[in-house]
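Enquirer: sequence first, then the predicted structure:
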Amino acid sequence: TGFLEDRWEVVYMSIMKVDPDLRPALFSNIVLCGGSSRFPGLAERLEKELTALTHNKVKIIAPPDRAHSAWIGGSIQASLRTFQDVMITKEEYDQYGPTVVHYKCIDGGDSPHAGGYSASPSSVALPDLHPPPPPSLSSQHQQQQHGAVPPPAAAPTVVEAKPAQICKVKSAADTNTFLIPLGNIIADDKSELATGDPVRCGQCRGILNSCSVLTQAAPPFESNRLWTCEFCGSLNMVDETDAEAPRSPTLTFVLEPAPPVGTSPQVTPYVVFCVDISSSMGTRDGGPSGPTRLDCVKTAVVSQIENLAQTQPDTVVVLITFGNGVTIFGDYSRRVNVTGRPLDSLASMLSEGEKAARTYCTLPVSKSAANLTTCANSLTVNGSTALGPALAIAVGITGKAPGSKIILCTDGAANVGVGSLPRDSAFYTHIAIHARDHAIAINVITMEGEDCKMENLGVAADITSGRVEMVDPSQITTKVVSLLSKKLLATNVTCTILLGQAVRFRFEDQEVIRSIEKRLGAVSDETDLTFSIEFEQAILTELERYHAALTASGNAALPTLLSKYASSSANTVGAVPIQIQIEYTKSGTREKILKVVSLTRAVTVERHRSEENVSSTVLSLSAIHRAANMAQKGLYTEARIELVSVVRLLQRTMHTMVQQEDYMSFIIQAEKLDQFMREAQQQSRVMGHMFGGRDDAASNAMYQMKSVSLKAFKER
């Protein structure tokens, strides 16, 4: 029974994921095929179960010869003249390998030469990542019955392969990619608790760790130890003895203990709902009798107020609406309206928010739920969109409550007061930085099909580690539940990454960088970072010489910067050190913690060895992050090249079922991102300087993919 239930639930969920306008047609055209579909009663049972799940008419088509459906389809496909354009000969497969499938079957039937595959190994052309629609059957083929002799094929036309069009020369993708599961690292309480303060390098601020090498200092300092920093090469004199040196790769330092109970007031995070009540929120997307957009938002807000009153009764919940002005719904039915000239001042709006937090927005939701529910249910549409002032007030209210969440629901672009677009797009960067520095997460929910200037508005969520969602109004409740369900682990989070001297971070058009600092504000259990590294050009030259000498004579000297961390493995040529420092305030206890993760990674000059046991998940997630980041900067060609390079890398390393699943997840998301980039490139070519930038759908996708978590990537 469970087996069957899974099948109709899969059918139902698959159809529900498509556009609502297409669902009736899909429910009325469900075709059974394959041998296992011939179980007696399967068609009737499937129709019965699906009818109980949907109001749409359900029709199950069960052809009597469905056991041979695949063979019938193959026969028809092989009889088409267009089949010769996509079939792969044994000679082609032997010459180009599995990658030929990508070019002939996915890229529209071009030969590997036409797609750029025949170019030099470091050259990358830009095939489309998305598959073309299947060829349509001619009426003659549609009338043929299974087993009928196909008409004679016309003589094949010999077409000379088009020369490859090289967009850019780029080294093949490699495995020098890392994932930092920030949520997991912060949540892990099993790491070694270090005593005292961290011992830092005076030059680069690297921390003494289990990979560090200590030597005895010369008289008269023989009681001290010398430490040559593995990240910058500076010599440091330290008080540590060999016995006191760190032994664990992960260390936890308590920078400030939790304040004693009763010595300071407990700060409870806020949840602030900013709701658009402009005239367009009165639109009924579901037809004349359906709910308005504002009705959908009201339902979501009321349900979450009631839920918070039960699950987090001490949380302070605030409701803010914005139309021609801004209204703050405070304690005991108090309403404060902000209109006129103050709406044009960021400082005035922040000050108004701070005043509200001190005076009339103080009650926990356990006491304010009834009043807030009444206020939410009474909302009506009104005028324009004072989005910027409302957001500034919300940030002011939450300024002294780290870990607070702002949920902004809108269906239009800001046009009143600060943040009006396109005049004041810089406002969103300024308010986001202010919010991040106070550990406030701004989450943005917009309506599908509307122009909310997500490219500007999404900056607020991007900088504060919040989320952006563009949804059908009927799905708002689900999205709000998802946003509020994220478990907050830490606030005021800063992540610093240090690299050894042989490598640098892989950034385009920037000078050598071996240290980066990322300020994240708040971190949840699903926060993940990725980064990629590359070797310095001088080290690469040395490695090439080393490899040539080793191949010629069997003996060679390692590059100096790598020999310090040489491995005993015969397959490696040294190692590079990496250190991750995560400083944060622990949620709940308010302890200030520093976690240090130090590691070395072996280096090999043989590509096939580096690709033997790679994590396809990390490679895929990192590539999505990088490509989305490039695309957001307008580097569409570079981003598309990055995706194609990683496709080839994943194909080379695909050996297990898990790697195949990761590959498919990557392809699905890369196709979506690639589609937006191709559209933007085409619009830019056609419209030139008149191109007004990305639409909301493209901006939403790029913001989401820039920060997609490991969990979300797996789910997609």
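Expert: Cool, got the structure. Residues are numbered from 1 along each chain as shown.
Enquirer: strands of the stretch 501-650 of the chain, start to end?
Expert: Taking DSSP state E, counting those that start in this stretch, the strands of the stretch 501-650 of the chain run over residues 503-505, 515-524, 529-535, 575-586, 592-602.
Enquirer: I should have written the stretch 251-400 of the chain there, sorry.
Expert: 270-276, 316-322, 326-329, 335-338.
Enquirer: and those strands as TSV, adding mean pLDDT and distance to residue 192?
Expert: From N, CA and C alone the C-beta is placed, and that goes for glycine too. Listed next are these as TSV, based on pLDDT from 0 to 100; distance: least, C-beta to C-beta, whole Å:
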stretch	mean pLDDT	distance to residue 192
strand 270-276	95	36
strand 316-322	95	38
strand 326-329	95	48
strand 335-338	92	51
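Enquirer: of all the ones you listed, which one is nearest residue 459?
Expert: Evaluated with C-beta to C-beta, the strands of the stretch 251-400 of the chain place strand 270-276 nearest to residue 459, the distance being 15.9 Å.
Enquirer: what's in contact with that closest one?
Expert: Strand 270-276 is contacted from outside by 294, 297-298, 301, 304, 308, 315-323, 357, 365, 376, 379, 385, 387, 390-391, 394, 397-398, 401, 404-412, 484, using C-beta atoms under 8 Å, 6 or more residues apart in numbering.
Enquirer: now do that strand against strand 316-322, angle only.
Expert: 20 degrees (axes from the mean of the first three to the mean of the last three C-alpha atoms, to 10 degrees).
Enquirer: please identify the pairing partners of strand 270-276 and their relative orientation?
Expert: Neighbouring strands of strand 270-276 in its sheet, by DSSP bridges, are strand 316-322 (parallel), strand 405-410 (parallel).
Enquirer: redo the ones you listed as CSV? Include mean neighbour count and distance to residue 257.
Expert: Shown next, in CSV, are the strands paired with strand 270-276 (neighbours: other C-beta atoms under 10 Å; distance: least, C-beta to C-beta, whole Å):
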stretch, mean neighbour count, distance to residue 257
strand 316-322, 26, 26
strand 405-410, 26, 27
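Enquirer: residue 101 is nearest to which of the ones you listed?
Expert: Closest among these, once you apply C-beta to C-beta, is strand 405-410, at 44.3 Å.
Enquirer: tell me the helix or strand right after that closest one.
Expert: Next helix or strand after strand 405-410 toward the C-terminus (DSSP states H and E): helix 426-437.
Enquirer: for the stretch 1-150 of the chain, what are the low-confidence residue spans?
Expert: 1-7, 75-76, 79-82, 85, 99, 102-150 (pLDDT under 70).
Enquirer: thought residue 454 was touching residue 701?
Expert: No - using C-beta atoms under 8 Å, residue 454 makes no contact with residue 701, being 9.6 Å away.
Enquirer: of the strands of the stretch 251-400 of the chain, which is nearest residue 595?
Expert: strand 270-276 (27.2 Å).
Enquirer: just give me how far the closest one sits from the chain centre.
Expert: Distance of strand 270-276 from its chain centroid, counting by C-alpha atoms, centre = their mean, to the nearest Å, is 24 Å.
Enquirer: and residue 425, how far from residue 319?
Expert: Distance of residue 425 to residue 319, computed by C-beta to C-beta, to the nearest Å: 27 Å.
Enquirer: need the phi and psi values for residue 417.
Expert: phi 70, psi -160 (degrees, to the nearest 10).
Enquirer: that one contacts residue 344, doesn't it?
Expert: Yes - Residue 417 lies in contact with residue 344 (C-beta under 8 Å); the separation is 5.4 Å.
Enquirer: who has more neighbours, these two?
Expert: residue 417 (31 against 15; other C-beta atoms under 10 Å).
Enquirer: can you pull the contacts of that one?
Expert: 343-344, 349, 386, 388-389.
Enquirer: buried residues, stretch 228-244. List them.
Expert: 229-232, 236, 238, 240 (16 or more other C-beta atoms under 10 Å).
Enquirer: so which of those residues are in strands?
Expert: Of the positions in those, 236, 238 sit in strands, assigned by DSSP state E.
Enquirer: pLDDT-wise, what's the bottom of the buried residues of stretch 228-244?
Expert: Minimum pLDDT for these is recorded at residue 240 (71).
Enquirer: ok, the nearest residue to that residue once chain neighbours are set aside to residue 248 distance?
Expert: Leaving aside its sequence neighbours, residue 240 sits nearest to residue 225 (C-beta to C-beta, 6 or more residues apart in numbering; 5.7 Å). Separation of residue 225 from residue 248 (C-beta to C-beta): 19 Å.
Enquirer: higher neighbour count, the two?
Expert: Neighbours were counted for residue 225 and for residue 248 using other C-beta under 10 Å; residue 225 has more, 23 against 15.
Enquirer: that one pairs with what?
Expert: With DSSP bridges as the rule, residue 225 is bridged to residue 216, residue 238.
Enquirer: need the contact list for it.
Expert: 214-217, 237-242.
Enquirer: tabulate the strands paired with strand 270-276 in JSON lines, adding columns for distance to residue 681.
Expert: Listed next are the strands paired with strand 270-276 as JSON lines, based on distance: least, C-beta to C-beta, whole Å:
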{"stretch": "strand 316-322", "distance to residue 681": "36"}
{"stretch": "strand 405-410", "distance to residue 681": "29"}
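Enquirer: to residue 47, which of those strands lies closest?
Expert: Closest approach to residue 47 among these (C-beta to C-beta): strand 405-410, 38.9 Å.
Enquirer: what sits up against the closest one?
Expert: With contact meaning C-beta under 8 Å, 6+ apart, strand 405-410 is reached by 269-276, 297, 300, 385, 387, 390-391, 394-395, 398, 435, 440-447, 452, 457, 460, 466, 476, 480, 483-484.
Enquirer: flag the shaky bits of the stretch 601-716 of the chain, pLDDT-wise.
Expert: In the stretch 601-716 of the chain, residues with pLDDT under 70: 687-693, 716.
Enquirer: try 90
Expert: Across the stretch 601-716 of the chain, the ranges flagged by pLDDT under 90 are 601-615, 632-638, 640-642, 644-645, 647-704, 706-716.
Enquirer: helices of that one, start to end?
Expert: Secondary structure of the stretch 601-716 of the chain (DSSP state H, counting those that start in this stretch): helices at 607-610, 616-632, 636-652, 657-687, 696-706, 710-715.
Enquirer: of the ones you listed, which is nearest residue 260?
Expert: It's helix 710-715; of those, that one is closest to residue 260 (C-beta to C-beta) at 36.6 Å.
Enquirer: output that closest one as CSV, nothing but the C-alphas.
Expert: What follows is helix 710-715, C-alpha atoms only, in CSV (Å, rounded to 0.1, in the frame of the first residue of the first chain):
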residue,chain,number,x,y,z
LEU,A,710,23.5,23.0,1.3
LYS,A,711,20.1,21.7,2.5
ALA,A,712,18.2,23.8,0.0
PHE,A,713,20.5,22.7,-2.8
LYS,A,714,19.8,19.0,-2.0
GLU,A,715,16.1,19.7,-1.8
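Enquirer: name the helices or strands packed onto that helix?
Expert: helix 616-632, helix 657-687 (3 or more C-beta pairs under 8 Å, 6 or more residues apart in numbering; DSSP states H and E).
Enquirer: could you point out which of the ones you listed sits nearest residue 497?
Expert: Across the helices and strands packed on helix 710-715, residue 497 has its closest neighbour in helix 616-632 (13.7 Å, C-beta to C-beta).
Enquirer: I'd like the strands of the stretch 251-400 of the chain as JSON lines, with distance to residue 641 appended.
Expert: JSON lines is the format used below for these (distance: least, C-beta to C-beta, whole Å):
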{"stretch": "strand 270-276", "distance to residue 641": "39"}
{"stretch": "strand 316-322", "distance to residue 641": "42"}
{"stretch": "strand 326-329", "distance to residue 641": "46"}
{"stretch": "strand 335-338", "distance to residue 641": "49"}
